[in-house]
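> would you be able to build a 3D model of this:
(one chain, ligands or ions: 1)
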Amino acid sequence: MSKTTRKPLVAGNWKMNKMVGESVDLAAALKPLVAGIDGADIVVCPVYTALYAVGEVLKGSNVELGAQNCYVKESGAYTGEISPQMLLDAGCQWTIIGHSERREYFGESDAFLNEKLTFALGAGLKVMFCIGETLEEREGGTMNEVLTRQVVEGLKGLQEGDFASVAIAYEPVWAIGTGVVATPEQAQEAHAFIRSLVQENFGEVVASALRIQYGGSAKPGNAGELISQPDVDGFLVGGAALKADSFADIVKAVV
Ligand code: PGA
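Predicted coordinates:
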């Protein structure tokens, strides 16, 4: 499978932003801007409190709903956590797992993220699994080692069939929210390396079908060049997803 057969995936990670009303307004504004576009899968990931309301707004549209995180149990005494089953119940098809902010601020390890990924897939969610190196790791020459660990440990135990519901988001930490975007060459190099890792561990069929999104200061102005790279299959967008027009323009740059 080549790039032309991998449907681009563009997702907005709204992070901890927007009240319920604002989230509903953003979803309602986005819907008509991307209506009729079927050349990409489009996902928005609001905060938990807005999921259900945004899902209601998006019903019948080509925009899917995702969460930003989930836990590894279906229900029970896990104060403050939310299960994949609850996310599905709230209208989600997707969740993000392993965002660098979860890894950094909440100490989520590769092993824990692997548990989350496995549990979320088992529940029936599709997952955008995030990986990426810090600036220190890149400059210190350990980038490939870090990406290898995140892929090998993070995806451990997955079966070929699981990958139909998995995308990897390559998000270099130094590019997230900084305005410093990876060059198309840097993105391509990392994406090709990640695909080669997946090929080594899970085989050619899985690797060539896997969508690898780029994340980190993606914007309408740089999306076109990035998506033209052979191993860039879409975007996970933070800041630029908080406005309907800029997110829609990224989607349009992709299709
Ligand atoms: P950014 O965030 O687009 O604001 O850099 C991307 C992300 O963290 O997913």
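> for Y170, give me phi and psi.
Per-residue torsions, Y170: phi -90, psi 110 (degrees, to the nearest 10).
> that one touches I131, doesn't it?
Yes: between Y170 and I131 there is a contact under CB atoms under 8 Å: 6.3 Å. Any C-beta I mention is one placed from the backbone N, CA and C, and that applies to glycine too.
> okay, and the common contacts of the two?
Residues touching both Y170 and I131 by CB atoms under 8 Å, 6 or more residues apart in numbering: I194.
> can you pull the contacts of the residue in the stretch 1-150 of the chain that the ligand sits nearest to?
Proximity of the stretch 1-150 of the chain to the ligand (CB to the nearest ligand atom) peaks at N13, 4.1 Å away. If you count contacts by CB under 8 Å, 6+ apart, N13 has them with 45, 68, 96, 99, 215, 236-238, 241.
> can you redo those residues as CSV with secondary structure and distance to the ligand?
Below are the contacts of N13 laid out as CSV (DSSP: H, G, I helix; E, B strand; the rest coil; distance: CB to the nearest ligand atom, whole Å):
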residue, secondary structure, distance to the ligand
C45, strand, 9
Q68, coil, 9
I96, strand, 8
H99, coil, 6
G215, strand, 4
L236, strand, 5
V237, strand, 5
G238, coil, 2
A241, helix, 7
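> go through those residues and say which is closest to M86.
Checking the contacts of N13 against M86 by CB to CB gives Q68 as the nearest, at 13.6 Å.
> ok, now which ones touch that closest one?
Per CB under 8 Å, 6+ apart, neighbours of Q68: 13-15, 45, 47-48, 95-96, 99.
> how about 10 Å then?
13-16, 45-48, 51, 87, 94-97, 99, 101-102, 128 (CB atoms under 10 Å, 6 or more residues apart in numbering).
> of those residues, keep whichever come out buried.
13-15, 45-48, 51, 87, 94-97, 99, 101-102, 128 (16 or more other CB atoms under 10 Å).
> mind checking which of these are in helices?
Per DSSP state H, helices hold the following members of the buried ones among the contacts of Q68: 48, 51, 87, 101-102.
> how about the strands in the stretch 101-250 of the chain?
Read by DSSP state E, counting those that start in this stretch, the stretch 101-250 of the chain holds these strands, from start to end of the chain: 126-131, 166-170, 211-215, 234-237.
> and the nearest residue to Q150 once chain neighbours are set aside, how many neighbours does it have?
For Q150, ignoring the flanking residues on the chain, the nearest one in space by CB to CB, 6 or more residues apart in numbering is I131 at 4.0 Å. The local packing of I131 (other CB atoms under 10 Å) involves 27 other residues.
> the residue sitting furthest away from the middle of the chain in helix, strand or coil?
Distance from the C-alpha centroid of the chain, by CA atoms, centre = their mean, peaks at A77 (28.4 Å). Under DSSP: H, G, I helix; E, B strand; the rest coil, A77 falls in the coil class.
> show me what the lengthiest helix in the chain is packed up against.
Ranked by residue count, the top helix of the chain under DSSP H comes out as helix 184-202. Helix 184-202 sits against strand 126-131, helix 143-154, strand 166-170, helix 204-209, strand 211-215, helix 220-227, with contacts defined as 3 or more CB pairs under 10 Å, 6 or more residues apart in numbering; DSSP states H and E.
> buried residues in it?
Buried-residue list, helix 184-202, by 16+ other CB under 10 Å: 184, 186-191, 193-195, 197-198, 202.
> same thing with stretch 136-153?
For stretch 136-153, by 16+ other CB under 10 Å, it's 137-138, 143-144, 146-148, 150-151.
> same check, this time on stretch 247-255
Buried, per 16+ other CB under 10 Å, within stretch 247-255: 247-254.
> now do the phi/psi pair for Q229.
With angles defined as degrees, to the nearest 10, Q229 sits at phi -70, psi 140.
> does stretch 114-130 reach the ligand?
No: Stretch 114-130 stays clear of the ligand (CB under 6 Å from any ligand atom), getting no nearer than 7.2 Å.
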